[in-house]
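Peer 1: sequence and predicted structure, then a few things I'm wondering about:
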Amino acid sequence: MNDLTLFSVIDNEKYEKFVIPFIFFPLITNDHVRVEIRIKNCSKFLVKNANALALLDMYFPKRYVILPLEGEYVDILPCGSTARFYLTPHLKSYWTKITDIDIMHIQSHIVREFDELERLSPESTYFALKRNQSDKLSGTMCVKTDLFYSEEWKEHLASYMKDITTQDKWSKKLPPFDAPHYYYDEFVNYDLVIPVHGLPVKLENVDVRPIQGIHMSPNRPAYKTLANPHFPDWEITPEKKTRIEEIMSYRMFKALAQFMDDEILSLFKMI
């Protein structure tokens, strides 16, 4: 079995409450996974969450890193949800899953799922979804680290960023930056990936963008509502509910929860 880095980036303090459980859940359920998170207010976060991080260090030594959100292109595209697409992870694993910070990875054997995708499509350098009728690529995706972050990709990235700077696209809010960041980030992902690696593969009856947990987005209801049944929810199944409740009953989680933000604990109660 190969190994995997879960990679996420945040620049908004309101999403910092997800960081501790985002690290805990995949590491307690998987042996071949590591976690890397880039945070805008990194120093402040480390001080504020010192007790929780001390427990994580004891539970999972050297299996996660929290680093500052910085790099040569951060001033050009400062949004964290977009930065995850142009930053290169510090941790080097066979797979890198670029993912939202509010996904709780509670599924076991998540690496095995990507190894199976590789078996089905060995020529693919990444697995993601192209949005229907739009030049957008899903924000959650998994890549073969060495092959994806190639010299060709780096050269294309540099050219893309130069074009944004030359035309002053960010400041003038030219497309795709005329849309809210939770829309334009997937346009940027498409622009960076498709010219180098081509369109994502489609596999019949196979999920090429597995969430592998519960997507606890504060912008979505936990469950479908009668008023808006087609609006995305947290994708909670009876199996996922049972699994996360089991994990949250562990003594290790209860010890860690003492140092978690009250807001994230309230979200867990919604499951």
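Peer 2: Received, thanks. Numbers count the residues shown, from 1 in each chain.
Peer 1: the most centrally placed residue in the chain: what's it in contact with?
Peer 2: Closest residue to the average C-alpha location of the chain: Thr99 at 1.3 Å, with C-alpha atoms, centre = their mean. Under the criterion of C-beta atoms under 8 Å, 6 or more residues apart in numbering, the contact partners of Thr99 comprise 6-8, 105, 139-140. Yep, even glycine has a C-beta here, placed from its N, CA and C like the rest.
Peer 1: same check, this time on Ser150
Peer 2: Residues counted as contacts of Ser150 (C-beta under 8 Å, 6+ apart) are Val196.
Peer 1: now for the contacts of Thr99, which sits with the most neighbours around it?
Peer 2: The most crowded member of these, judged by other C-beta atoms under 10 Å, is Leu6 (30 neighbours).
Peer 1: just the pLDDT at it, thanks.
Peer 2: For Leu6, the model assigns a pLDDT of 98.
Peer 1: the chain should start at 25 in everything you say after this.
Peer 2: Sure, I'll start counting at 25 from here, so that last one is Leu30.
Peer 1: hang on, it packs against Thr53?
Peer 2: No: the pair Leu30 / Thr53 is not scored as a contact, 11.8 Å apart, by C-beta atoms under 8 Å.
Peer 1: what touches both of these two?
Peer 2: Listed contacts common to Leu30 and Thr53 are His129; contacts here mean C-beta under 8 Å, 6+ apart.
Peer 1: now do the strands in the stretch 125-274 of the chain.
Peer 2: Chain-ordered strands for the stretch 125-274 of the chain, with DSSP state E, counting those that start in this stretch as the definition, fall at 127-128, 150-151, 165-168, 238-239.
Peer 1: got those as JSON lines, with distance to Val43 columns?
Peer 2: Written out in JSON lines, the entries for those read as follows (distance: least, C-beta to C-beta, whole Å):
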{"stretch": "strand 127-128", "distance to Val43": "12"}
{"stretch": "strand 150-151", "distance to Val43": "25"}
{"stretch": "strand 165-168", "distance to Val43": "20"}
{"stretch": "strand 238-239", "distance to Val43": "16"}
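Peer 1: how about the ones you listed, which one is nearest Gln157?
Peer 2: Nearest to Gln157 among those is strand 165-168 (19.1 Å), distances taken as C-beta to C-beta.
Peer 1: what pairs with that closest one, parallel or antiparallel?
Peer 2: Here strand 165-168 has these sheet partners by DSSP bridges: strand 119-122 (antiparallel), strand 150-151 (antiparallel).
Peer 1: follow-up on the earlier one: of the contacts of Thr123, which pair is most distant in space?
Peer 2: Put simply, by C-beta to C-beta the two of these set farthest apart are His129 and Gly163, 15.3 Å from each other.
Peer 1: flag the shaky bits of the stretch 175-295 of the chain, pLDDT-wise.
Peer 2: Counting by pLDDT under 70, the ranges of the stretch 175-295 of the chain that qualify are 205-206.
Peer 1: try 80
Peer 2: Confidence mapping of the stretch 175-295 of the chain against pLDDT under 80 gives the ranges 203-207.
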